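Peer 1: okay, predicted coordinates and the sequence, questions at the end:
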Amino acid sequence: MIRCLSYSQGEIVDIEPNIISEKINNKNLLWVDLENPNDFEIKILSESFRFHPLTIEDCLHRKQRSKIEDYQNYYFIVMNVFKGRKLEKEFINSEIFIFVSKTYVVTVHWSKMELIDVIYKKATVTTNIFERGIDFLLYSIMDGVIDDYFPVVDEIGEKIDEIEEGIFKKDDNVVYNKIFTLKKNMLKLRKIITAQREILNTFLRHDFTLIKEENRLYFMDIYDHIMRLFDLIDTYYDLLTGTLDLYMSSISNRMNEIMKTLTIITTIMMPLTLITGIYGMNFKNMPELNTEYGYFVTLAFMGLIALWEILYFKKKKWL
């Protein structure tokens, strides 16, 4: 699917793909959005905009790391967008490919993105975005991408609280698997945010002429958001590490309790086993063997020994 917006002299119009080249030559401000493009729509990138084959190849192969590349007439930007909210499973993200120059922004993505739909709808009904320049349109897109990570990070905090509550309720591997998966996803998230911070560093350089001075503050605001994400991720990562230590301690405590119980049982059984072992020997001249009530006396004696041991352990608070 392709949609095109053209802005000129305070007027915003939807245009057909076949007149994109004409609008580019007339220096109109353009936003061309390609969602899950077909072969014909991909050709627009090479024939109408004459983008470098390497950038088009990146769009087709996907699975790209966030980056920015200078191709003289335009900049090629890759940003990672979070997809899905099931953090207990593997982290899923998608890419948005952005071509930007002083007169146009071209966005390419292979799945539906709500943030793009929201910005596109806003750009359609108001001239405010285009009036501030093509760099402000770029800011709106990037700000939407970065802000979409905050609900993810907030959910991470909730998951950590949930895991901490479950540590003392479960003694299986479910909690450990949740911790391990969440920790893995947080490392992946931090890696993505780190790469996107480098893009903002490029934009904030004063020799980066694509960004107008009056709009530079907006990109500084995105940078502040990224740094907040870093702080939150680092804080939650430390909390998760502490949660893992707490989980391992609880497992160790449970094991110690089990070993303590088994040790007490073994200690109680030791003298009883000794007595039964002695009277289990097959010697003929053992006087107690012929006693009429020897069996019952021995059982009673063994019971007294066991009772005495239990009382002693309770007195020492070992039970």
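Peer 2: Ah, there it is.

Peer 1: use CA for all of it now, contacts and neighbours both
Peer 2: Noted.

Peer 1: ok, the closest residue to Leu200 other than its chain neighbours - contacts?
Peer 2: Spatially, and ignoring its direct neighbours in sequence, Leu200 is nearest to Tyr223 (6.2 Å; Cα to Cα, 6 or more residues apart in numbering). In this structure, Tyr223 makes contact with 197, 200-201, judged by Cα atoms under 8 Å, 6 or more residues apart in numbering.

Peer 1: also Glu11?
Peer 2: Taking Cα under 8 Å, 6+ apart, one finds Thr127 in contact with Glu11.

Peer 1: give me the beta-bridge partners of it?
Peer 2: Here Glu11 sits in beta bridges with Ser8, going by DSSP bridges.

Peer 1: before we move on, the earlier item: which element is the residue nearest to Leu200 on?
Peer 2: For Tyr223, the element it lies in under DSSP states H and E is helix 216-278.

Peer 1: what does Ile163 give?
Peer 2: When secondary structure is defined by DSSP H and E, Ile163 falls within helix 150-167.

Peer 1: buried residues in whichever helix or strand comes after that helix, which are they?
Peer 2: Tracing the chain C-terminally past helix 150-167 and defining elements by DSSP H and E, one meets helix 174-203 next. Buried residues in helix 174-203, defined by neighbour count with 16 or more other Cα atoms under 10 Å: 175-176, 178-179, 182-183, 185-186, 188-189, 192-193, 195-197, 199-200, 203.

Peer 1: show me what contacts the nearest residue to Tyr74 once chain neighbours are set aside?
Peer 2: The spatially closest residue to Tyr74, leaving aside those adjacent along the chain, is Ser101, at 4.6 Å (Cα to Cα, 6+ apart). Contacts of Ser101 were listed using Cα under 8 Å, 6+ apart, and they are 73-75, 134, 210.

Peer 1: between those residues, which is nearest Asn285?
Peer 2: Tyr75 (103.6 Å; Cα to Cα).

Peer 1: I'd say that closest one and Phe99 touch.
Peer 2: Yes: Tyr75 sits in contact with Phe99 when judged by Cα atoms under 8 Å, with a separation of 5.8 Å.

Peer 1: retrieve the pLDDT associated with Met142.
Peer 2: The predicted local distance difference test score for Met142 is 92.

Peer 1: go on, Gly84?
Peer 2: pLDDT, Gly84: 60.

Peer 1: ok, Ile116 - contacts?
Peer 2: When contacts are taken as Cα under 8 Å, 6+ apart, Ile116 is in contact with 141, 144.

Peer 1: next one: it relative to Asn282, how far apart?
Peer 2: From Ile116 across to Asn282, the span is 90 Å (Cα to Cα, to the nearest Å).
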